[in-house]
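**Q** what's the 3D shape of this:
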Amino acid sequence: MTFALRSLCEADIPEVGRIEREAFPTLWPRAPIKNDMKNKRIIYLVATLLHPEEAPGHEEEPPPDPLAEYPMPLRLIRNVTDRLWPNSGPAAPTNDTPLGYVCVWFLTEEAHITAIAVKESWRGQGLGEVLLGGAIETAMRRKSRVVTLEVRVSNHGAIALYEKYGFKRVGVRKRYYSDNREDANIMTTEPILSLSYQRKFLELRDAYFKRRGAVETSLGLAGA
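**A** Below you'll find the model as predicted:
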């Protein structure tokens, strides 16, 4: 299977909404995603199967794609300086289905990850790391100084992933989550445009490629 990371398009909204409700069933309602897409300070990235026919259980050839003239979804590439993430998704629907998404709000100097979620049946495939890396790379492209997020204090797996990518716990939001009044850790990176952070980030991405493989493997994110 070959995975890709691309910008959200309008056709993705129903599936992203389902992933959101599955991941955050008891949290307060969020603003409609379609409204968010109109805001240039908000971006959504979705992780998909680049070739849907590779999905487990798929036995039929996909029907001819009437939208074949449109570009294929953007792939995550290694060269940070060459990132080019559109501010909005393509107008035409795509023939692949989101398996996870990340939402980032861009403030004055800060990129704030407001949500990151993977479809339950696709968890454990490394897609959370793909989405996090895409968010950080987009923040680099947008010249953000740091990336921040909140995470449940009990979500040790997510905290470990964030710490791996240089996030540090800088505070606590008491009773932040409305479902059970759980506290949230506030986590922030060091300046992401510094040479030291970019070097570390590229090392992590290279290690990810080596560990998960390239496009021919089960989770391929092609390099440039």
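**Q** so which residues of this protein form strands?
**A** Using DSSP state E, the strands of the chain run over residues 3-7, 42-49, 98-106, 110-118, 146-152, 168-173, 184-188.
**Q** export those strands to TSV and tack on distance to Ala158?
**A** Just so you know, the C-beta spots here come from the backbone N, C-alpha and C atoms, and that holds for glycine as well. Converted to TSV, these look like this (distance: least, C-beta to C-beta, whole Å):
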stretch	distance to Ala158
strand 3-7	18
strand 42-49	16
strand 98-106	12
strand 110-118	8
strand 146-152	5
strand 168-173	12
strand 184-188	10
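**Q** of these, which is nearest Ala23?
**A** Of all the strands of the chain, the one in closest proximity to Ala23, counting by C-beta to C-beta, is strand 110-118 (3.6 Å).
**Q** who are the packing partners of that closest one?
**A** Using 3 or more C-beta pairs under 8 Å, 6 or more residues apart in numbering; DSSP states H and E, the elements in contact with strand 110-118 are helix 13-23, strand 98-106, helix 127-141, strand 146-152.
**Q** now it and strand 146-152, what's the angle there?
**A** Angle, strand 110-118 to strand 146-152, by axes from the mean of the first three to the mean of the last three C-alpha atoms, to 10 degrees: 40 degrees.
**Q** quick one: low-confidence parts of this structure?
**A** The chain contains residues with pLDDT under 70 at 1-2, 27-31, 50-95, 212-224.
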